[in-house]
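1. Here is a sequence together with a model predicted from it:
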Amino acid sequence: MRETSLVIMAAGIGSRFGGGIKQLEAVGPGGEIIMDYSIYDALAAGFDKVVFIIRRDLEQDFKEIIGKRIEKVAKVEYAYQELDDLPKGYEKPAERTKPWGTGQAILSAKDLIHEPFLVINADDYYGKEGFVKLHEYLVNEMDLTARPYDICMGGFILGNTLSENGGVTRGVCWVDESGILENVTETYELKKEGDMAKGRDDAGNEVAIPLTQNVSMNMWGLSPAFLEELERGFPKFLDSVKEGDLKAEYLLPRIIDQQVHSQKAQVKVLETKDKWFGVTYREDKPAVASAIRKLVAEGLYPEKLFP
């Protein structure tokens, strides 16, 4: 059986969360953080290794809070997303403080990944179904040598991914009848209004999306060969950044959407009915803790996940 890796993007600090490192906030009855539940579900689904992408200045706290615990139950490796980790000939703008986005985050781990891998966010709870479906695809269906690139993603139901405490950003997906992704569009400040979610597009225009629409939660199944495509595309992205733009990001959903439109990638959407929750705002934390207590009470998780 193919080996597989779980790659967790944990380098960011949520500015809207109120100053804390939201990925390291305890929400479980045994002091678990959201990442613990993702790792628990991934290992149960069959993943072999965990790669944490973190900031080097968070390394000590990160290892104390979660890394050393996971090292007892799985193979663990660390990659470091750094502002100045750029292709040869490029330098970061002196005033820039924001990392270069999820595409650069994955590139920071390229020397550690030699097998099919699943990418997730650190601060999202995905549920069990997505890990099982994507692991099955990575092991039994993904063609590692295919061109266009063979990619899969967890397709969440928009209505299952909204926060009651403010707008959220989602990659809204259009999928054909055979489950193949046609395009994915980053949509911002999405909030539920009746049977729709209203938000805005890249240009700031208001949009209304049905609550039943598939969305991406950055749960992508990729082949190691796709890292080469990310590496080729990063200089092109940097060349496109306008002078003075200190917030432009090399975003994985946007990269994959471009690959789909240029027929360099085909994405199989594996729909999951699980309800997402996450800590986007500080006010989300009590609701997340309550949701996890309910899952524990229902027997889906033990009181204490790991030793």
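-> Yep, that arrived. Numbering: from 1, shown residues only.
2. Show me what counts as buried in the strand of greatest length in the chain.
-> In the chain, with assignment by DSSP state E, the single longest strand is strand 181-193. Residues 181, 184-187, 190 are the ones in strand 181-193 that count as buried (16 or more other C-beta atoms under 10 Å). Bear in mind the C-beta positions are built from the backbone N, C-alpha and C, glycine included.
3. Please apply the same query to stretch 104-112.
-> Across stretch 104-112, burial judged by 16+ other C-beta under 10 Å covers 104-109.
4. Over to stretch 205-213?
-> Of the residues in stretch 205-213, those scored as buried under the neighbour-count criterion (16+ other C-beta under 10 Å) are 207, 209, 211, 213.
5. pLDDT averaged over the strand or helix carrying the second one, what's the number?
-> Ile209 is part of strand 206-210, with elements assigned from DSSP states H and E. Per-residue pLDDT values over strand 206-210 give a mean of 96.
6. cool, stretch 224-238 as well?
-> Per-residue scores along stretch 224-238 average to 96.
7. Show the subsequent helix or strand relative to the longest strand of the chain.
-> Sequence-wise, the next helix or strand beyond strand 181-193 is strand 196-200, with elements assigned using DSSP H and E.
8. Wasn't Asp216 part of a helix?
-> Quick fix: residue 216 reads Ser, not Asp. No. Assessed by DSSP: H, G, I helix; E, B strand; the rest coil, Ser216 does not belong to a helix; its assignment is strand.
9. now the residue lying farthest from the centre of the chain: how far from Ala248?
-> When distances are taken from the C-alpha mean of the chain, Gly89 lies farthest, 29.0 Å away, according to C-alpha atoms, centre = their mean. In this view, Gly89 and Ala248 are 18 Å apart by C-beta to C-beta, to the nearest Å.
10. And Gly67, by the same measure?
-> When distances are taken as C-beta to C-beta, Gly67 and Ala248 turn out to be 31 Å apart.
11. higher neighbour count, these two?
-> For the pair Gly67 and Ala248, the greater number of neighbours falls to Gly67 (19 against 15), based on other C-beta atoms under 10 Å.
12. about what we covered before: between the buried residues of stretch 104-112, which is closest to Ser223?
-> The nearest member of the buried residues of stretch 104-112 to Ser223, counting by C-beta to C-beta, is Ile106 at 12.2 Å.
13. export the helix or strand that contains Gly155 as PDB, just CAs?
-> Using DSSP H and E, Gly155 falls within strand 149-157. Written as PDB, here are the backbone C-alpha positions of strand 149-157 (Å, rounded to 0.1, in the frame of the first residue of the first chain):
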ATOM      1  CA  TYR A 149      -2.200  16.400 -12.600                       C
ATOM      2  CA  ASP A 150      -4.600  14.100 -10.700                       C
ATOM      3  CA  ILE A 151      -5.900  16.000  -7.700                       C
ATOM      4  CA  CYS A 152      -8.700  15.400  -5.200                       C
ATOM      5  CA  MET A 153     -10.400  17.600  -2.700                       C
ATOM      6  CA  GLY A 154     -12.900  17.500   0.100                       C
ATOM      7  CA  GLY A 155     -16.100  19.100  -1.000                       C
ATOM      8  CA  PHE A 156     -17.900  20.600   1.900                       C
ATOM      9  CA  ILE A 157     -21.500  21.900   1.900                       C
END
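14. For it, which helices and strands make contact with it?
-> Here strand 149-157 touches helix 128-140, strand 168-175, strand 214-222, helix 226-240, helix 252-261, strand 265-272, going by 3 or more C-beta pairs under 8 Å, 6 or more residues apart in numbering; DSSP states H and E.
15. if we compare those, which one ends up closest to Val76?
-> Ranking the helices and strands packed on strand 149-157 by proximity to Val76 (C-beta to C-beta) places helix 128-140 first, at 17.3 Å.
16. Check which residues of that closest one are buried.
-> 128-139.
17. At which residues are the helices of the stretch 1-150 of the chain located?
-> Assigned helices in the stretch 1-150 of the chain, in chain order: 34-45, 59-62, 68-70, 102-107, 128-140 (criterion: DSSP state H, counting those that start in this stretch).
18. what's the first one packed up against?
-> The elements that helix 34-45 packs onto, with contact taken as 3+ C-beta pairs under 8 Å, 6+ apart, are strand 5-9, helix 68-70, strand 124-125, helix 128-140.
19. Redo those as TSV? Include distance to Asp41.
-> Output for these, formatted as TSV (distance: least, C-beta to C-beta, whole Å):
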stretch	distance to Asp41
strand 5-9	10
helix 68-70	13
strand 124-125	9
helix 128-140	5
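20. Kindly reformat these as TSV containing mean pLDDT and distance to Ala45.
-> Compiled in TSV, those are given as follows (pLDDT from 0 to 100; distance: least, C-beta to C-beta, whole Å):
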stretch	mean pLDDT	distance to Ala45
strand 5-9	97	9
helix 68-70	93	15
strand 124-125	92	15
helix 128-140	98	4
